[in-house]
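Asker: no letters, just coordinates:
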């Protein structure tokens, strides 16, 4: 292992301050096969630093997220917009979440999209709740307790404090990755009971609870990139593709759209050896031996709803200090 | 995705209680190429449940770790026991940690093992500190501030509360995985500046701090298995091999030894396509094209110090209630 050069490992301590600025939020109910959310496209930060990215003063560091999101429903579920849902809120440094309605409920004549959508709407209503207090597992608990839909969902929620501390709660196989200088430095781990049966919040009494969600705390830095998605993203796109795609994009909206479209392309490619098909083979799901004899193997992407939320950490100043400096 | 059967997703809520029982702790300074730590072999729990694993009463659930550890030094570093260090403490539900001294310091005539060993000794002295209060990042902060050795180290620390809550702090490329019913449900993510240069705590001012460690909180259940190790384990052994090896072992000491020996075997196998060689290829480190033409490719394990700590979550009763029931 190498000892890094000093410059490569320098990080500034941060200071706690509060500031808020507005975003939209929402879930996709569109009938289009390409749903983007115009109100949460990458936005100029009204309190932003000067042109070359250096802050106006170096004494106060406040962090916030610039967010882009893109949802592409499963080709057979386009009419109702798919079963994924997401939220984006401007609370404190920013709150983002993705929920994936468990499709098995359709066999019981339940629309799987209702639970995930109500869960996101409920979570949004509690983001500023005093009891939640920046704890995404508490947010999940209150959101779950308040909803009435029948169904279940996997969910990932992340809350950024303005001091740069990101708290992530993950239950099931949605997920979140953090990219710093082109490398993934944090990734949630999918939780499942068995192949294709993830941990899930449910309307049933005997399910996982918010306590089963893994809570992670990560100190973020300016320019860190968050990639959050449903399993439709991570089952179809490898980590290396995620980092290279993000590196090629100009802004977070473009990155979210590019990742979602790459996932869709792979999901419909029968020859692509996707993360999902590799995992399936490693679990013993494979083609019969006589097909292997002629070189056929289990490949292909996984058709699914695809939701991608990309956040970029931006640094801003306390508004009053920033104004004072501009005098 | 599937909706699981009710039985598969049932989990009991837990209740907070305090109980302590003794283990040893240590780091390896042995000159043997096989160092095991006899005092922390799997131990019968003095407050244990009855024969078939059911508790004597169902009202009180307390969790603790049964721990086994195994350290195999790098073949060329056997004389001083390698540059890894670990600790095991009985505090509350149990504390385990692994630190890996960064070998690059040897080029500056510094013994890389001093920093990791002092870091573990220092951490041990603070596990019960009031300020630490079950926060492994705070433990890391205090341990780091108190040591005087020159060098740097990657480190993973995990603290189990008796209510089953495990808190994990990870900085760099040591790591921890949690296995539940044969599946990995949690894994730390290696953090690095560039290939083979991990995040590290250092004697230098301009390094990472405990704030750069990712803190994760996971609610554990009885029989969950924790596999903690230095990169010598994870660079040489795939996840599937970890779960299958653990499943074949009778107890935690056997599992730790089996994993360490598997890692050693792979580390010396030039033909084995290890996680390390796969990662190296994916980063563009590869054999020259003319070697590829004749079918030669970059393979092989990674010679390194190998430390493995395996913990198994055991359920026990509050001692007084247990005693009362046995009357």
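Answerer: Everything's here; your move. Predicted model only: the values in this text are computed from it and were never measured.
Asker: which parts of the stretch 51-200 of chain A sit against chain B?
Answerer: Contact residues (C-beta under 8 Å from any C-beta of the partner chain) of the stretch 51-200 of chain A with chain B: A:100, A:102-105, A:108, A:152, A:154, A:173, A:181, A:183-187, A:189, A:191-194, A:196-200. For every residue, glycine as well, the C-beta is placed using N, CA and C.
Asker: show me where the stretch 151-300 of chain A has strands.
Answerer: Shown for the stretch 151-300 of chain A, the strands assigned by DSSP state E, counting those that start in this stretch span residues A:152-160, A:165-171, A:175-180, A:183-187, A:192-194, A:197-198, A:201-202, A:214-219, A:225-229.
Asker: need the ones you listed in TSV with mean neighbour count, can you?
Answerer: Shown next, in TSV, are those (neighbours: other C-beta atoms under 10 Å in any protein chain shown):
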stretch	mean neighbour count
strand A:152-160	28
strand A:165-171	25
strand A:175-180	23
strand A:183-187	20
strand A:192-194	18
strand A:197-198	22
strand A:201-202	25
strand A:214-219	24
strand A:225-229	27
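Asker: would you turn these into CSV with mean pLDDT?
Answerer: CSV is the format used below for the strands of the stretch 151-300 of chain A (pLDDT from 0 to 100):
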stretch, mean pLDDT
strand A:152-160, 97
strand A:165-171, 97
strand A:175-180, 98
strand A:183-187, 96
strand A:192-194, 92
strand A:197-198, 94
strand A:201-202, 96
strand A:214-219, 96
strand A:225-229, 98
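Asker: okay, those strands in a markdown table with distance to residue A:139 next?
Answerer: Output for the strands of the stretch 151-300 of chain A, formatted as a markdown table (distance: least, C-beta to C-beta, whole Å):
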| stretch | distance to residue A:139 |
| --- | --- |
| strand A:152-160 | 6 |
| strand A:165-171 | 7 |
| strand A:175-180 | 15 |
| strand A:183-187 | 19 |
| strand A:192-194 | 23 |
| strand A:197-198 | 20 |
| strand A:201-202 | 12 |
| strand A:214-219 | 11 |
| strand A:225-229 | 15 |
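Asker: out of the ones you listed, which gets nearest to residue B:300?
Answerer: strand A:183-187 (23.0 Å; C-beta to C-beta).
Asker: how far away from the center of its chain is that closest one?
Answerer: Computed by C-alpha atoms, centre = their mean, to the nearest Å, the chain-centroid distance of strand A:183-187 equals 13 Å.
Asker: how much space is there between residue A:206 and chain B?
Answerer: Shown here: residue A:206 relative to chain B, a distance of 4 Å by C-beta to the nearest C-beta, to the nearest Å.
Asker: what's the neighbour count on that residue?
Answerer: By other C-beta atoms under 10 Å in any protein chain shown, 13 other residues sit near residue A:206.
Asker: for the one 4 residues further on, same thing?
Answerer: One way to gauge burial is a neighbour count; for residue A:210, by other C-beta under 10 Å, it gives 23.
Asker: contacting residues around it?
Answerer: Going by C-beta atoms under 8 Å, 6 or more residues apart in numbering or on different chains, residue A:210 touches A:137-138, A:140-141, A:144, A:169, A:171, A:201.
Asker: give me the pLDDT for it.
Answerer: pLDDT, residue A:210: 93.
Asker: can you tell me how far it sits from residue B:117?
Answerer: Going from residue A:210 to residue B:117 by C-beta to C-beta, to the nearest Å gives 40 Å.
Asker: same deal with residue A:185?
Answerer: As judged by C-beta to C-beta, residue A:185 and residue B:117 stand 26 Å apart.
Asker: check residue A:75 too.
Answerer: With distances taken as C-beta to C-beta, residue A:75 is found 58 Å from residue B:117.
Asker: same question for residue A:226.
Answerer: 36 Å.
Asker: same deal with residue A:290?
Answerer: Note on residue A:290: its distance to residue B:117, by C-beta to C-beta, is 57 Å.
Asker: on that earlier part again, residue A:75 and residue B:117 - which one has more neighbours?
Answerer: Using other C-beta under 10 Å as the criterion, residue A:75 and residue B:117 rank with residue B:117 on top: 27 against 14.
Asker: could you tell me whether that one really is in a strand?
Answerer: No - assigned with DSSP: H, G, I helix; E, B strand; the rest coil, residue B:117 falls outside any strand and is helix.
Asker: chain neighbours aside, what residue packs nearest to it?
Answerer: In this structure, residue B:117 finds its nearest non-sequential neighbour in residue B:85, 4.4 Å apart by C-beta to C-beta, 6 or more residues apart in numbering or on different chains.
Asker: quick one, what contacts residue A:293?
Answerer: Residue A:293 neighbours (C-beta under 8 Å, 6+ apart): none.
Asker: quick check: it vs residue A:287, distance?
Answerer: Residue A:293 sits 10 Å away from residue A:287 when distances are taken as C-beta to C-beta.
Asker: ditto for residue A:191
Answerer: Where residue A:287 is concerned, residue A:191 sits at a distance of 28 Å (C-beta to C-beta).
Asker: next, the angle strand A:165-171 makes with the strand or helix carrying residue A:315.
Answerer: Using DSSP states H and E, residue A:315 sits in strand A:306-316. Counting by axes from the mean of the first three to the mean of the last three C-alpha atoms, to 10 degrees, strand A:306-316 lies at 170 degrees to strand A:165-171.
Asker: please state the offset of strand A:306-316 from the chain centre?
Answerer: The answer for strand A:306-316 is 8 Å, by C-alpha atoms, centre = their mean.
Asker: do stretch A:188-206 as well
Answerer: 17 Å.
Asker: just stretch A:177-185 next, same as before
Answerer: 14 Å.
Asker: name the surrounding residues that touch it.
Answerer: A:166, A:186-188, A:218, A:220-221, A:223-228, A:239, A:242-243, A:246-247, B:189, B:191-194, B:199, B:214.
Asker: enumerate every residue touching residue A:155.
Answerer: A:97-100, A:116, A:119, A:140, A:169-172, A:174, A:201, A:213.
Asker: at 7 Å what do you get?
Answerer: Applying C-beta atoms under 7 Å, 6 or more residues apart in numbering or on different chains, we find residue A:155 in contact with A:97, A:99, A:119, A:140, A:171-172, A:174, A:201.
Asker: quick one: residue A:189 and residue B:73, what's the gap?
Answerer: 30 Å.
Asker: looking at these two, which is more packed in?
Answerer: residue B:73 (27 against 19).
Asker: could you list which residues are in contact with the closest residue to that one other than its chain neighbours?
Answerer: What sits nearest to residue B:73 in space, not counting adjacent residues and going by C-beta to C-beta, 6+ apart, is residue B:82, at 3.0 Å. Each residue near residue B:82 by C-beta under 7 Å, 6+ apart is listed here: B:28, B:71, B:73-74, B:113, B:305.
Asker: tell me the phi and psi of residue B:82?
Answerer: Main-chain dihedrals, residue B:82, degrees, to the nearest 10: phi 80, psi -180.
Asker: how close does it sit to chain A?
Answerer: 13 Å.
Asker: ok, so of the contacts of residue A:210, who is nearest chain B?
Answerer: residue A:137 (8.1 Å; C-beta to the nearest C-beta).
Asker: the closest one: which element?
Answerer: According to DSSP H and E, residue A:137 maps onto helix A:136-146.
Asker: please identify the buried residues of that helix?
Answerer: Neighbour-count burial for helix A:136-146 flags A:136-144 (criterion: 16 or more other C-beta atoms under 10 Å in any protein chain shown).
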